[in-house]
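> quick one, fold the following:
(chains A and B)
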Amino acid sequence: MIFTVIMAILPFTAPLGDREISFRFQVPGGEFATGRFEIHGLLPGTLLELKDKTALKKAFFVGVSADQPILGSHGVKDGILWFAPRFPVPPKVEHFIRFDFNSKNGVLEKPGNWRFTWDQMPSPETRVKAVYPSAEKIPENTLRFYIHFSQPMKKGQAASRVHIRNGQGKLLELPFLELDEELWDAQQTRLTLFIDPGRIKRGLKPLEEEGPVLEAGNTYNLEVERDFEDATGKPLEKGWRKTIKVGPAVREQINPSLWNVVPPKTSEGFLEIRLNKPLDHALLQSQLHITNRQEQGVSGSWEVGNFETIARFRSKGPWIPGQYRIKLGWDLEDPSGNRIDRVFDAAENEKPKQTTLSLPFSVGN
Amino acid sequence: MISWNPCRAISPCVLGLVLIPLWTAMPALAEEPKAGKVALLSGGPIAFGPEGILFVGDPKGAKIYALATGDTQSTSAGPLSAEGIDAKLASVLGVKPAEIVINDLAVNPASKRIYLAVSRGKGPDAIPLLFVLGENGDLKEVSLESALHTSIELGNPVAAGNKRMEAITSLKYAKGKVFVAGLSNEEFASTLRSIPYPFSGKVASSGIQIYHGAHGKFETASPVRTFTPLDVNGKEEILAAYTCTPLVRIPVSQLTDGAKVKGTTVAELGNRNRPLDMVTYTKGNKPYALMANSARGVMKVALEDIEKVDAIVERVGDKAGLSYESIADLKGVEHLDKMGETHAVLLIRTPKGVQIQTIVLP
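Below you'll find the predicted structure:
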């Protein structure tokens, strides 16, 4: 929902002897983005001649530059000339409106020139809502970060507006993997950033030559610039910074047999999984599934907390006493990309340990 | 009591019983283009086929559209230099130039006209559009409202999450087939699809494994970034470029449905580099590839020794295999395509904006 207000409409009318033609920006349903441009007060003879589409397009110009009209459709109805832009009218973009008509039949109509801009009513400021991993101390081989924003954002800014600074305040050069397509969710509120795997995987040249991006024992600042624009072009409420301490690399498979599963205590209660170490925030919510004894999926929602070491599942309906299972997807990873079946940078000859892929629990009467 | 038998009541049902076995025994029929709305969800890579057919990749929709543009008359398009392309698009679309993204450029070999795949906006509601550049530098929209077209769905694209835009990374046409590179949801995520055109519903999807010499590893997860069909002594191949920057040969004969194909790495063009677009050409009877990339300008790679060069199967230092030269005076090139056999069209980003320029192939 966009709240709107007109910032500038200059001038709104053009005098024509004792008669005036005027410009209006007509806003159906209060949505400025879907508004249309209208000219009122023209003579019946003018309107008759402008039923010819070519003449109408020539006489009535709407553009964001001096001479190129924007795409849209023209028409004449109920004594009004209208122009409906094909695409939403964006805020903060100046529109030039001109009426300039040379009648074949000698109808006298003076030209008119107007400008129009609209701006959004101050909407809630966009901010960084959360960053994962959320722990203060993360492993040296942390593979990915998620940055959650409170509103949809614009693509194409991640490389220039997200930084890591070392303890001496120096910006790290290219800390994140450069990608052709930035990794956003469909709503463009969650940005995924990868540390270059070449500087994480053992045995690769970049790691051997340049070392890891984040070094164990050091402290860094992860920063999001205030100028990171949201989808409407607005900067963030304020710049964002998080201090991260870096601990030793984690190179072990996820071992679900070390998790503590606490079944729901009542039919309205939640299932709680206490993990032995933090797992990936997004994958915890997409890779764990609950099934009942008949192998049917139980619908509900996941919540992840305590620095990604607790996952809680709330069933949509009440729990029915009986046996259940937590099914684990193979794509589950920890923040360093380690999986149930293998360590992120396992060499070809390192044999993965067999691990369990589902955990039973029961709900009592 | 009389029971109602739908097969007695509806004659096509009876016909169907007879016809279905016949249809299944026949080869898949090619679709005829029909007029209708081309409902693009995103407008990714584009490429031309014969007779003015424009192939448009839609990564969000996981579809390839084939538009019959009707642009089949040859024009006398000569060398061209058009500036302020982003500003022109912005003024047609009613936004600021910063809101314009040009996703790809393709030259129609039938008319030599230049087509652009454009996004209006960078937010989640960005609108995909196609434009054609006129001889005088004017940009005209290619209408998607009632366009003659056919389309085909790509099965098993990468899930609709943050990697979805990589479902299609590059797309080219050669000898009756559309080749599509991108990510699938299969075990070998990097996928090359070979789709006969006219579309008949058939898509042969192959997982691609390559040896990445700079990483010293076999890789199957990263997609081909850009590629070009290539004729190596009468054999059809794909020359594919990857991030960071292996150049790989893939035989077209092995691209059968469900195949897991191992490419042959013939060059490592250096670290921290993303290939952006690539064409191949012949000059002075010698074959070359011209590749735009993020870190090293435009590279001209000599392909003469492509069959002689040792495949890279062990870890290498920065560069190895086929040699290249950087074309020093070409900077900021983001997309390129061939115009005839002697020229290339470049889309160049400068501090002043986006320009389109024709050059003689170097």
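> tell me how chain A divides into domains.
If you go by automatic domain parsing, the domain ranges for chain A are A:4-120, A:128-247, A:256-363.
> which helix or strand contains the closest residue to chain A within chain B?
For chain B, the residue closest to chain A is residue B:123, as judged by CB to the nearest CB, at 3.1 Å. Using the backbone N, CA and C atoms, a C-beta is placed for each residue, glycine as well. Here residue B:123, judged by DSSP states H and E, is contained in no helix and no strand.
> contact partners for it?
A:152-155, A:188, A:231-232 (CB atoms under 8 Å, 6 or more residues apart in numbering or on different chains).
> can you give me phi and psi for the residue nearest the centre of chain A?
In chain A, the centroid-proximal residue (CA atoms, centre = their mean) is residue A:188; its distance is 1.7 Å. Phi and psi for residue A:188, reported as degrees, to the nearest 10, are phi 60, psi 40.
> likewise residue A:340?
Residue A:340 adopts backbone torsions of phi -70, psi -40, taken as degrees, to the nearest 10.
> ok, it touching residue A:330?
Yes - at 6.6 Å, residue A:340 counts as touching residue A:330 under the criterion of CB atoms under 8 Å.
> anything in contact with each of those two?
residue A:357.
> show me which of those two is the more surrounded one.
residue A:340 (22 against 10; other CB atoms under 10 Å in any protein chain shown).
> now do the contacts for the more buried one.
Residues near residue A:340 by CB under 8 Å, 6+ apart: A:253-256, A:328, A:330, A:332, A:355, A:357.
> do the same with residue B:274
A:178-180, B:225, B:243-245, B:293-295.
> just the helices in the chain please.
Looking at chain A here, since you left the chain open. A:44-49, A:53-59, A:158-161, A:205-210, A:281-286 (DSSP state H).
> wrong chain, I was asking about chain B
B:6-9, B:11-25, B:85-93.
> could you list the residues of chain A in contact with chain B?
By CB under 8 Å from any CB of the partner chain, the residues of chain A that approach chain B are A:63-65, A:68, A:70-71, A:85, A:87, A:89-90, A:93, A:95, A:152-156, A:174, A:178-181, A:183-188, A:190, A:192, A:198, A:201, A:203-206, A:231-232.
> measure residue A:114 to residue A:42 for me?
According to CB to CB, to the nearest Å, residue A:114 and residue A:42 sit 14 Å apart.
> buried subset of the contacts of residue A:340, written for PyMOL?
In PyMOL, this line selects whichever of the contacts of residue A:340 come out buried by 16 or more other CB atoms under 10 Å in any protein chain shown:
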select buried, chain A and resi 253+254+256+328+332
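> ok, residue A:114 and residue A:42, which is more surrounded?
residue A:42 (25 against 22).
> number of nearby residues for the residue in the stretch 201-350 of chain A that chain B sits nearest to?
Closest approach of the stretch 201-350 of chain A to chain B (CB to the nearest CB) occurs at residue A:231, with a separation of 3.1 Å. A total of 21 residues lie near residue A:231 under the criterion other CB under 10 Å.
> what sits against it?
Residue A:231 is in contact with A:151-154, A:188, B:121-125, counting by CB under 8 Å, 6+ apart.
> which of those has the most neighbours?
residue A:153 (28 neighbours).
> can you read off the pLDDT for it?
Residue A:153 is assigned a predicted lDDT (pLDDT) of 96.
> give the contact list for it.
A:126, A:184, A:188-189, A:191, A:228-231, B:123.
> for it, name its beta-bridge partners.
residue A:230 (DSSP bridges).
> residue ranges with poor pLDDT in the chain?
Going with chain A. A:1-19, A:347-356 (pLDDT under 70).
> look at chain B instead
Low-confidence segments of chain B (pLDDT under 70): B:1-29, B:77-78.
> spatially central residue for it, please.
By CA atoms, centre = their mean, the mean C-alpha position of chain B lies nearest to residue B:171, the distance being 1.6 Å.
> which residues touch that residue?
When contacts are counted by CB under 8 Å, 6+ apart, residue B:171 touches B:44-47, B:55, B:57, B:64, B:178-181.
> and those residues, which are buried?
So, by 16+ other CB under 10 Å, the buried ones in the contacts of residue B:171 are B:44-47, B:55, B:57, B:64, B:178-181.
> can you flag which of those belong to strands?
Among the buried ones among the contacts of residue B:171, DSSP state E puts B:46-47, B:55, B:57, B:64, B:178-181 in strands.
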